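**Q** no sequence on this one, just coordinates:
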């Protein structure tokens, strides 16, 4: 299964862990990142690197860069990406969210994971117009746990 994690997921382990939902999401993200290669292939895209470059916290930025550096970036058509991003912005997605979703689609991800609840809500509502399924990491981990048992 090809998995695209947006930056909210990749940065979740660095957030304050005093809220139960944040801790649960962190555990799910860490567990997903540790999935064996036969279950998970992670998709990396320029959207992740670009958004991460704006992270003002150097330690967080470097840690996410380290993970991103472990996954190869496939080539893609700038024209196709630009057109799909524009479509998604028209649907109501914010620019970086549209960039991430379009990247996930263009790179053939089976699932787009995010802990950004407004983004997830919009992507769920517009799921018929998307070519990738959006999910939160906790529910996704529950799903794949059922497949492996």
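**A** Nice, I can see it. Since the structure is predicted, the reported quantities are computational estimates derived from the model, not experimental observations.
**Q** Please make it C-alpha for all contacts and neighbour counts, starting now.
**A** OK.
**Q** distance of residue 100 from residue 141?
**A** Going from residue 100 to residue 141 by CA to CA, to the nearest Å gives 20 Å.
**Q** can you check residue 41 too?
**A** 14 Å.
**Q** Can you list the low-confidence ranges for the chain?
**A** Applying pLDDT under 70 to the chain flags residues 147-149.
**Q** about what we covered before: looking only at neighbour counts, state which of residue 100 and residue 141 leads.
**A** Ranked by neighbour count (other CA atoms under 10 Å), residue 100 and residue 141 place residue 100 first, with 23 against 19.
**Q** I figured that one hits residue 51, correct?
**A** No. With contact defined as CA atoms under 8 Å, residue 100 does not reach residue 51; the gap is 9.5 Å.
**Q** Helices along this structure, start to end?
**A** 7-11, 20-33, 46-53, 58-68, 78-91, 95-106, 117-125, 137-147 (DSSP state H).
**Q** Identify whichever of these lies nearest to residue 1.
**A** For the helices of the chain, proximity to residue 1 was assessed by CA to CA; helix 137-147 is nearest, at 10.0 Å.
**Q** Now that closest one: buried residues?
**A** 137, 138, 140, 141 (16 or more other CA atoms under 10 Å).
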